[in-house]
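Chemist: When you get a sec, could you give me coordinates for this:
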Amino acid sequence: MKTFSHTLGVALLSASVVLSACGGGSGESSTNSGINWPASASWPVTPTPPSPPVDTSNSVPIVVDPSMDAVNQPSVTVTLCPAGAPNNSQCVTVTNMLVDTGSVGVRVASSALSPALNAQLLTQVGATDDKVGSAPIVQCALFASGFTWGPIKRADVILGNKKASNIPIQVIGDGGYTAPDDCTSRGGPDLGPLLGANGNRAFNGIVGIGHFVRDSSLAAKSVIPAGYYYCPTTDSCTGTRVPLTRQVMNPVAGLATNNNGTVIRLPALPAGGQVRVTGQLIFGVGTQANNALPANANILQVDGNGLFTTQYQGRAIINSAIDSGTNGYAFSDATIPTTGEWYTPPSDQALSATMASTNGTGNPVMVQFSIGNATNMMGSGYAAYDNLGMYLASLPVYDVSTNNMLSEEGFLWGLPFFYGRSVYTVLENARVGTQAGPFVAF
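Modeler: Numbers count the residues shown, from 1 in each chain. Here you go, the predicted model:
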């Protein structure tokens, strides 16, 4: 999922979730200059080395299976506790949390929490424009598929053997605050009713592990439409700036160790897909044997919005991301037949595109991929496919100069790209050897 304020996501919730947050990151602007290289250029793709053995000290299982009620949705299990809780009896374990390299922060459905835990989570206050300083901070988080609305609270977030202590998270759909028109008019459908153990889906929330430590540096400086609000009463919410320390936080950055990024490692799929896939979410990059960055890795620096450039059919698409929360290859190609949003060619289409850092550093890399018939895939009952694609007309991108959301062409390399690879997501201000983040590598 790519969010607009620090993430890019496309969620086609009818049968899949593409969560891409729009125009995110710590950048000051979402407008960039494209790179033009010869459309016929080709670079070799480095094969992925054998995977190291599983080390549970810094990893948790990722599962892609039918329990998420949609295809290509990688999930992990998260335990949430009141900040500083003295014992585990106050904690709740939440399954089916979407792993999303296209957004930042933990966002969990209120219905997936116990009433007791929900009541114990400390409400975040202290918005910059709240003169009293005691009003709850509530967020409208925009994704390409819709928006999540709910208060910011503080919790201990436990992933396997790793804990992020006392970090701000979003609790979605708790019913405590009325979403303002500024949010509902810009954000598309409300995703809250589609989340949670008591809702229509088994999808309980998002674990956003993108390139940035906090949700949006822009929101710390400016009032962003459909962003953060302070709410003195349940039906009175005012747009506000929010200090970084009070914004939703990347749980990886909150870990005591192995906190400079993540590795998603998923096995290759057989032709025709697979019912269920198990892989690893590994914490840290270059910190121990199971997360070492290969010497011959393809490295793409990303900009302040977590984006790079994709060259496809002669077009330089500067709003591009490798995004585990998007469940297919999402791009625009009018030559491929569609059914609804999904590509449905009569036979598999062999395609290629070239990735490059928008700032021109590093070597471009050509990637070959295929697009199959989504209708046939959806009918099989399998959960994992490496050739699923969807038509993406545009992504909403926040433009600082006009304080508006713009629609621009995007290219999201969704979960199909991850199968058979180790994909490294390195955070801002982090270093892996001599390589500075933020960058993505594979």
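Chemist: use CA for all of it now, contacts and neighbours both
Modeler: OK.
Chemist: so S352 sits right up against M366, yeah?
Modeler: Yes. The pair S352 / M366 is scored as a contact, 6.8 Å apart, by C-alpha atoms under 8 Å.
Chemist: So between these two, which is more surrounded?
Modeler: Using other C-alpha atoms under 10 Å, the more surrounded residue of S352 and M366 is M366, with 18 against 14.
Chemist: so the more buried one makes contact with L351?
Modeler: No. Look at M366 against L351 with C-alpha under 8 Å: they stay out of range, at 10.4 Å.
Chemist: where along the protein do the helices fall?
Modeler: Taking DSSP state H, the helices of the chain run over residues 115-120, 181-184, 218-221, 374-378.
Chemist: quick one: contacts of the longest one?
Modeler: For helix 115-120, contacts defined as C-alpha atoms under 8 Å, 6 or more residues apart in numbering pick out C81, P82, Q90, C91, V92, S110.
Chemist: Mark which of those are part of strands, please.
Modeler: Counted as lying in strands by DSSP state E, out of the contacts of helix 115-120, are C81, P82, V92.
Chemist: my read: the second one touches L121, true?
Modeler: Yes. P82 is in contact with L121 according to C-alpha under 8 Å; the separation is 5.2 Å.
Chemist: re the thing from before, could the contacts of helix 115-120 go into CSV alongside neighbour count, distance to A316 and pLDDT?
Modeler: CSV is the format used below for the contacts of helix 115-120 (neighbours: other C-alpha atoms under 10 Å; distance: C-alpha to C-alpha, whole Å; pLDDT from 0 to 100):
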residue, neighbour count, distance to A316, pLDDT
C81, 26, 45, 97
P82, 24, 46, 96
Q90, 14, 51, 89
C91, 21, 47, 95
V92, 18, 45, 96
S110, 24, 41, 94
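Chemist: Out of those residues, the closest to G362 would be?
Modeler: C81 (42.0 Å; C-alpha to C-alpha).
Chemist: got any ranges where the stretch 1-150 of the chain has weak pLDDT?
Modeler: Scanning the stretch 1-150 of the chain for pLDDT under 70 picks out 1-53.
Chemist: now do 80
Modeler: 1-53, 87-88, 144 (pLDDT under 80).
Chemist: which residues in it form strands?
Modeler: 59-64, 75-82, 92-100, 104-109, 122-123, 137-143, 146-159 (DSSP state E, counting those that start in this stretch).
Chemist: Can you say which of these is packed in most?
Modeler: Ranked by mean neighbour count, the strands of the stretch 1-150 of the chain are led by strand 137-143 with a mean of 30 (mean count of other C-alpha atoms under 10 Å).
Chemist: Now do it and strand 146-159, the angle between them.
Modeler: Calculated by axes from the mean of the first three to the mean of the last three C-alpha atoms, to 10 degrees, strand 137-143 forms an angle of 110 degrees with strand 146-159.
Chemist: hang on, the earlier thing: could you work out the most separated pair of the contacts of helix 115-120?
Modeler: Q90 and S110 (15.6 Å).
Chemist: tell me the domain ranges of this protein?
Modeler: Structural domains annotated on the chain: 65-246, 261-441, as defined by automatic domain parsing.
Chemist: L255 is nearest to which of those?
Modeler: Comparing the domains of the chain by C-alpha to C-alpha, domain 65-246 comes nearest, at 4.7 Å.
Chemist: Quick one: end-to-end distance for that closest one.
Modeler: When the termini of domain 65-246 are compared using C-alpha to C-alpha, to the nearest Å, they are 34 Å apart.
Chemist: Distance of S217 relative to D181?
Modeler: Counting by C-alpha to C-alpha, the separation of S217 from D181 is 23 Å.
Chemist: Just want the most central residue of the chain.
Modeler: For the chain, the residue nearest the mean C-alpha position is G102 (2.6 Å; C-alpha atoms, centre = their mean).
Chemist: these two touch, right, that residue and I322?
Modeler: Yes. Contact status for G102 versus I322: in contact at 7.4 Å, counting by C-alpha under 8 Å.
Chemist: Could you give the number of residues near T233?
Modeler: 12.
Chemist: Across the sheet, point out what pairs with it.
Modeler: Counting by DSSP bridges, T233 is bridged to S236.
Chemist: if I look at it, how far off is T326?
Modeler: Note on T233: its distance to T326, by C-alpha to C-alpha, is 35 Å.
Chemist: about what we covered before: could you redo the ones in strands among the contacts of helix 115-120 as TSV and give each row distance to G389?
Modeler: TSV is the format used below for the ones in strands among the contacts of helix 115-120 (distance: C-alpha to C-alpha, whole Å):
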residue	distance to G389
C81	38
P82	40
V92	35
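Chemist: and which of those is nearest to D129?
Modeler: P82 (27.0 Å).
Chemist: can you pull the contacts of the closest one?
Modeler: Counted by C-alpha under 8 Å, 6+ apart, P82 has contacts Q90, C91, L117, Q120, L121, L122, R154, A155, D156.
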